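Engineer: Quick one: sequence plus predicted model below, questions after.
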Amino acid sequence: MPEVAAHVWLSTRQLSSLFTAELGLSPGAACRLVRFDAARDAVRARSLAPSGPNLTAIAVRTGYADHSHLVRDFHAFAGLSPTAWLVEERANIQAGGGAPRAG
């Protein structure tokens, strides 16, 4: 964050305030949400694999410290554990409605 702030000629505090005013989220909360979105897409993509999703591998690959860190964010953002979320989403995923976004 300090490097970005310096690049746009703002203090870290000014950049954080501007970021929050424009997006309604702090930079840290936005990063957390982006990381969760990547993990959720990975869980969705791996859900149809014969072995199912390996949550520990997904956690590490998407920037979480460990499996329990991933589970905490699932509870915070989805209201469910990854496994419970998959149960609720399975019909949508199997119908092709849960395909990860391109890009």
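Structural biologist: Yep, it's here. Numbers count the residues shown, from 1 in each chain.

Engineer: R90 versus P27, what's the distance?
Structural biologist: The gap separating P27 from R90 is 34 Å, by CB to CB, to the nearest Å. To be clear about C-beta, it is placed using only N, CA and C from the backbone, and glycine gets the same treatment.

Engineer: Without its sequence neighbours, what residue ends up closest to R46?
Structural biologist: Nearest residue to R46 in three dimensions, chain neighbours excluded: P53, at 3.8 Å (CB to CB, 6 or more residues apart in numbering).

Engineer: what's the neighbour count on the one you found?
Structural biologist: As a burial measure, P53 scores 19 neighbours (other CB atoms under 10 Å).

Engineer: again with the one 5 residues further on
Structural biologist: Using other CB under 10 Å, I58 is surrounded by 21 other residues.

Engineer: got it, and the one 10 residues further on?
Structural biologist: Residues within reach of S68, counting by other CB under 10 Å, total 11.

Engineer: buried set for stretch 13-30?
Structural biologist: Judged by neighbour count (16 or more other CB atoms under 10 Å), stretch 13-30 contains these buried residues: 15-16, 19.

Engineer: Go through those residues and flag which are in strands.
Structural biologist: Among the buried residues of stretch 13-30, no member falls in strands (DSSP state E).

Engineer: re earlier: correct me, but the residue nearest to R46 touches L86?
Structural biologist: Yes. Counting by CB atoms under 8 Å, P53 does reach L86; the two are 7.5 Å apart.

Engineer: Which residues are in contact with each of the two?
Structural biologist: Here P53 and L86 have 43, 47 as joint contacts, going by CB atoms under 8 Å, 6 or more residues apart in numbering.
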